[in-house]
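Enquirer: Structure, please.
(one chain, ligands or ions: 1)
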Amino acid sequence: MAEFTLDLNEDQKQVRDWLNGFARNVMRPAAAEWDEREETPWPVIQEAAKLGIYSLDFYAQQFFDPTGLGIPMTMEELFWGDAGIALSIVGTGLAAVGVIANGTEEQIGTWIPQMYGDTDDVKVAAFCSSEPDAGSDVSAMRTRAVYDEARDEWVLNGTKTWATNGGIANVHVVVAVVDPDLGSKGHASFIVPPRTPGLSQGQKFRKHGIRASHTAEVVLEDVRVPGTCLLGGKEKLDERLARARERAGAGGERVRNAAMATFEASRPAVGAMAVGTARAAYEEALEYAMTREQFGRPVIDNQGVAFQLADMRTQIDAARLLVWRASWMATAGKPFTAAEGSMSKLFASETAKKVTAQAIQILGGNGYTREYPVERMHRDAAIYTIFEGTSEIQRLVIARTLSGMPIR
Ligand SMILES: Cc1cc2nc3c(=O)[nH]c(=O)nc-3n(C[C@H](O)[C@H](O)[C@H](O)COP(=O)(O)OP(=O)(O)OC[C@H]3O[C@@H](n4cnc5c(N)ncnc54)[C@H](O)[C@@H]3O)c2cc1C
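Expert: Residues are numbered from 1 along each chain as shown. Sure thing, here's the model as predicted:
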């Protein structure tokens with residue numbers, strides 16, 4: 001296990017600069033166009049695939065970086081390039097993590113390559129958990145998975161919503177209820193293979209920001225998948241359900257704690273995305289404030305503007321430190337005794353929203369137009385306080401962890 005350090009090593013610096021080059025030269029010039037088109041930027045994903053930036057190998061390498069900084073560094077650079085395009089590139093990773101976390105070696109080997117496709121024919125994947133009546137409250141999930149023992153098949157029925165890449169994905173990972181009496185402990189994840197009958201895209205959402213990323217409903221009508229598509233396999237599921245039933249009387253603490261630890265480890269990655277967007281907006285604002293002249297001097301000559309920039313940079317650096325700390329803790333296996341993962345996501349996402357709004361103010365009228373990118377960055381930043389748990393849910397998790405009380 002690596003000691004915590006803020007110094008990136010030579011390999012990390014090389015990867016960071018390589019990603020920054022892609023973000024600067026490929027993503028940025030394409031950002032406004034795909035935001036306006038509100039479509040998945042397939043050519044950019046393809047370019048990323050050719051360079052090795054869109055591949056499981058690359059993310060696995062970053063994930064296993066012993067310092068814990070590989071993933072936050074990657075997310076920051078890509079989202080610094082453009083949030084909508086970046087989410088189109090890393091969205092498949094969310095589904096891939098679902099398979100890696102719960103699947104068998106065979107399932108990982110079979111499905112992950114199909115999620116990414118190949119460099120000439122790239123594919124994407126979707127992770128479908130949220131439902132119209134089950135957002136923050138995952139236990140309200142209704143999509144059912146029923147086992148048809150005679151055919152060794154699972155039958156899925158329900159409607160998923162907000163799925164990144166939903167309906168356009170080659171492979172969908174769907175979370176469904178297998179035992180309604182167990183709340184969120186009665187859920188299981190399933191692979192829905194390409195072209196499975198019964199799975200269709202519902203409405204595609206027209207969004208405020210990250211518009212290059214496709215978000216849609218996914219409708220499941222008598223979707224039949226082979227028994228082998230249950231992630232982890234039937235035997236493991238039966239054991240887990242039996243344990244959950246036993247513990248239901250004792251409050252199910254261990255099961256809940258295991259799920260919480262997974263979220264604590266993944267939330268810093270979203271924090272790092274927010275740091276990337278915030279840094280991009282801050283850099284635009286700094287440059288503008290130093291060159292735009294009013295009253296015969298650059299606008300940064302006014303304390304009112306300069307102090308805003310000082311605060312923006314301070315908060316971005318603080319956010320990055322929280323993200324790096326939590327990512328290192330996850331890699332080092334340190335217990336999140338103060339919900340440090342949630343803390344990092346909360347602070348970084350709120351910082352991105354605030355900093356991008358300040359950037360618009362500093363650019364004045366120009367900041368409010370689509371001629372300058374801070375307008376887009378501000379729209380994009382609003383997502384970070386919503387997905388992967390809203391800011392209110394992060395505060396709930398932190399408060400519960402600190403107090404040990406069932407804060408509502
Ligand atoms: C662009 C986008 C992409 C997404 N991608 C995916 C994806 O790929 N896969 C997927 O499964 N989901 C995805 N989501 C869903 C996302 O995770 C949910 O939107 C999020 O969890 C919030 O759920 P909700 O929208 O139903 O809000 P709600 O849960 O209805 O919350 C509404 C408001 O009430 C507040 N609130 C709720 N409960 C409490 C409480 N106990 N205490 C205090 N306040 C509370 C919330 O903070 C929020 O302000 C995506 C969403 C968006 C917008």
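Enquirer: Closest residue of the protein to the ligand?
Expert: residue 135 (1.7 Å; Cβ to the nearest ligand atom). C-betas here are computed from N, CA, C, even on glycine.
Enquirer: Give the burial count for that residue, as a bare number.
Expert: The number of residues packed near residue 135 is 17, by other Cβ atoms under 10 Å.
Enquirer: and if you look at residue 148?
Expert: Based on other Cβ under 10 Å, the number of other residues close to residue 148 is 11.
Enquirer: now the one 3 residues further on
Expert: Burial measure for residue 151: 11 neighbouring residues, criterion other Cβ under 10 Å.
Enquirer: how much space between it and residue 226?
Expert: Between residue 151 and residue 226 the computed distance is 9 Å (Cβ to Cβ, to the nearest Å).
Enquirer: can you pull the contacts of residue 293?
Expert: Residues near residue 293 by Cβ atoms under 8 Å, 6 or more residues apart in numbering: residue 299.
Enquirer: beta partners for it?
Expert: As for beta bridges, residue 293 partners with residue 298 under DSSP bridges.
Enquirer: same thing with residue 163?
Expert: Assessed by DSSP bridges, residue 163 has beta-bridge partners residue 216.
Enquirer: What's the separation between it and residue 35?
Expert: Taken as Cβ to Cβ, the spacing of residue 163 relative to residue 35 amounts to 20 Å.
Enquirer: Please say which of those two ends up with more neighbours.
Expert: Ranked by neighbour count (other Cβ under 10 Å), residue 163 and residue 35 place residue 163 first, with 28 against 24.
Enquirer: Tell me, what's the model's pLDDT at the more buried one?
Expert: On pLDDT, residue 163 comes in at 98.
Enquirer: which regions of the stretch 101-250 of the chain sit below the pLDDT cut-off?
Expert: Regions of the stretch 101-250 of the chain meeting the criterion pLDDT under 70 cover residues 249-250.
Enquirer: Around the ligand, which positions in it sit nearby?
Expert: 127-130, 135-136, 162-164, 207, 210, 215 (Cβ under 6 Å from any ligand atom).
Enquirer: who touches the residue of the chain closest to the ligand in this structure?
Expert: Residues in contact with residue 135, defined by Cβ under 8 Å, 6+ apart, are residue 162.
Enquirer: quick one: it from residue 382, how far?
Expert: From residue 135 across to residue 382, the span is 16 Å (Cβ to Cβ).
Enquirer: ok, now residue 332?
Expert: As defined by Cβ to Cβ, residue 332 lies at a distance of 32 Å from residue 382.
Enquirer: more neighbours, those two?
Expert: Regarding residue 332 and residue 382, a neighbour count based on other Cβ under 10 Å identifies residue 382 as having more, with 17 against 14.
Enquirer: Confirm for me that the more buried one is in contact with residue 209.
Expert: Yes - under the contact definition of Cβ atoms under 8 Å, residue 382 touches residue 209, with a separation of 5.6 Å.
Enquirer: Do you have the helices of the stretch 301-408 of the chain handy? List them.
Expert: For the stretch 301-408 of the chain, the helices identified by DSSP state H, counting those that start in this stretch occupy 303-332, 340-367, 374-381, 391-403, in order along the chain.
Enquirer: Figure out how far the host helix or strand of residue 30 is from the centre of its chain.
Expert: Assigned by DSSP states H and E, residue 30 belongs to helix 28-37. In terms of Cα atoms, centre = their mean, to the nearest Å, the gap separating the centre of helix 28-37 from the centre of its chain is 20 Å.
Enquirer: and that helix with helix 374-381, angle?
Expert: Helix 28-37 and helix 374-381 meet at an angle of 70 degrees, taking axes from the mean of the first three to the mean of the last three Cα atoms, to 10 degrees as the criterion.
Enquirer: buried stuff in helix 28-37?
Expert: Buried positions in helix 28-37, judged by neighbour count with 16 or more other Cβ atoms under 10 Å: 28, 30-32, 34-35.
Enquirer: Next, the angle from the following helix or strand past it to helix 28-37.
Expert: Proceeding C-terminally, helix 28-37 gives way to helix 42-51 as the next helix or strand, assigned by DSSP H and E. Put simply, helix 42-51 runs at 140 degrees to helix 28-37, going by the same axes, to 10 degrees.
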